[in-house]
Each structure stands twice: as C-alpha cells, then as structure tokens.
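1. when you get a sec, could you give me coordinates for this:
(one chain, ligands or ions: 1)
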Amino acid sequence: MDGETNIEKLRELFEQFPGIGRRQAKRFVYFLIRKDIHYIQTLIDEIAKVKSEVTQCPHCLRYYPKTRGEHGICQHCNQKDGTMLMLVEKESDLENVEKMKLYEGKYFVLNNLSPHEREEYHALKKRIRYGITREGLRELIFGFSLKPELEHEQLRIQSFLRRDFPEIRITALGRGLSSGIELEYSDGETLKYALTSRIELKKKEDG
Ligand SMILES: [Zn+2]
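-> Numbering: from 1, shown residues only. Okay, the predicted model is just below:
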C-alpha cells in the first residue's frame, strides 16, 4: 500500500536525525500528518532556506548566514583579534562568551568537526598553522567545561600542540567560583574571572 510506504520512507528520514530512534521517528511522521498544509509548507520552505542561506565558516567551523560573512568567512573571523584562539565545545559556548564582550580573540568550535576529523584534528592543525603564519597567533585557550570526556580530549590536543606548535602559549580558563564551570551558562562575573585567571599549561609530558 502506497500510504504505508510513504510513512515508512519519512520515518527512515527522521531516524537519521541525531538521537532519534525508530519510535520517535514514527511519532514525528504522525505529528506531521495531523498538521495543516500551511505548517507543512512553512517547514519545507524554512528547511530549504537554512540549507541555501546558512554556511559553515572554514576558520571557526560555526554556521552563519551567508549575508553576514565576507570573503567566505564569518563576521567574527573577519573582525576579531587573531593573536588569541579559544577552543570551545559548541556554538552556544561561543555565543555566551561573545555576549559578555570580555574576549576579543577568535574561536574554534570542536563539536562541528566531523567524528572522523576528531580523530586526527587536521582542520584544527591547519587553522592553527594559518593563525601563526597569517595572523600572529600567540595563544591558544582551552575554553572547555569541566567534563571527563573533554579533559581527555584536551590532553590529546595539548600533546600535539606541544609537538607541532611549540611557539604558542597554551592556557585554559581559570576554574572560578564553582567546581564545574559550564561556559554556556556562565554569567559575566564568572567568565571574567575565568578569563583573567587563565592557567598556563606548562611544558611537560602528557601521560
Ligand atoms: Zn568564523
């Protein structure tokens, strides 16, 4: 039966969404079937618009509206101070740091790397190399929240930084008022403290 095939096809498409299982995918399909045609048309149009109007910045990996970038890179990467580069986990962390207007440097969003890239970090290494030769990059700041998996990742990145880029300073945000600073939710005071009390990650061998 045709209707059933359509339902199955749509379900399979939703199942490809991150974190969506078979049952949830089916609920999405029935939700859409019950919605009116105006809703459906808006949804289709908006998806198409996002796809055509938003692009990824090759320097920081964030997604931005094409109209707000220049020379194929985003606003931040065009305007900000390239001598500092902050590694953040996700775009919402970047947005929160930006909102506080306490940091003038550039960013790199790790979660926007593909899982394969996250094994080797070619894009990050390329970005750092570009920073050193073209922008006078001097300091790389780990702007991570305190989570075990991120600490592990930080150690992996640190070890290649020391090996491949001995000329740059490596720091991490100071751990302020609470034991686990969540960058995304930090207020201005916490973030200011974290930035001004940056910890120098000394040259030593990583275990
Ligand atoms: Zn950018």
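2. need the residues of this structure near the ion, please.
-> 57, 59-60, 74, 77 (CB under 5 Å from the ion). (C-beta placed from N, C-alpha, C; glycine too.)
3. repeat that for 8 Å
-> 57-62, 64, 69, 73-78, 106-107 (CB under 8 Å from the ion).
4. quick one: buried ones out of those residues?
-> Buried by 16 or more other CB atoms under 10 Å: 57, 59-62, 64, 69, 74, 76-77, 106-107, out of those.
5. tell me the buried residues in the top strand by length along the chain?
-> The longest strand of the chain (DSSP state E) is strand 81-88. Using 16+ other CB under 10 Å as the burial criterion, the residues of strand 81-88 that qualify are 82, 84-88.
6. please convert those residues to CSV, extending it with pLDDT.
-> Converted to CSV, these look like this (pLDDT from 0 to 100):
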residue, pLDDT
Gly82, 94
Met84, 96
Leu85, 97
Met86, 96
Leu87, 95
Val88, 93
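7. need the pLDDT of Glu139.
-> Predicted confidence (pLDDT) for Glu139: 95.
8. sorry, slip of the keys, the one I care about is Met1.
-> 59.
9. picking up where we left off before, the longest strand of the chain pairs with which strands, parallel or anti?
-> Here strand 81-88 has these sheet partners by DSSP bridges: strand 105-109 (parallel), strand 139-143 (parallel).
10. Pro18 is nearest to which of those strands?
-> Between Pro18 and the strands paired with strand 81-88, the tightest spacing by CB to CB is seen for strand 105-109, at 16.0 Å.
11. which residues are in contact with the closest one?
-> With CB atoms under 8 Å, 6 or more residues apart in numbering as the test, strand 105-109 has contacts from 59-62, 76-77, 80-91, 93-94, 97, 124, 127, 131, 135, 139, 141, 143.
12. please narrow the residues of the chain next to the ion to those residing in helices.
-> When the residues of the chain next to the ion are checked against helices (DSSP state H), the matches are 75-78.
13. rewinding a little: want to throw the strands paired with strand 81-88 into TSV with distance to Lys51?
-> Shown next, in TSV, are the strands paired with strand 81-88 (distance: least, CB to CB, whole Å):
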stretch	distance to Lys51
strand 105-109	19
strand 139-143	29
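14. okay, and Gly3 sits in which element?
-> Secondary structure from DSSP states H and E places Gly3 in helix 2-15.
15. which helices and strands sit right next to that helix?
-> Counting contacts by 3 or more CB pairs under 8 Å, 6 or more residues apart in numbering; DSSP states H and E, helix 2-15 packs against helix 22-34.
16. show me the shaky parts of the chain.
-> Scanning the chain for pLDDT under 70 picks out 1, 176-181, 202-207.
17. how is the chain divided into domains?
-> By the record's domain assignment, the chain is partitioned as 2-54, 80-200 (automatic domain parsing).
18. deepest of those domains, which one?
-> domain 80-200 (a mean of 16; mean count of other CB atoms under 10 Å).
19. how distant is that domain from the center of its chain?
-> Taking CA atoms, centre = their mean, to the nearest Å, one finds domain 80-200 lying 10 Å from the centre of the chain it belongs to.
20. mind checking the end-to-end distance for that domain?
-> When the termini of domain 80-200 are compared using CA to CA, to the nearest Å, they are 23 Å apart.
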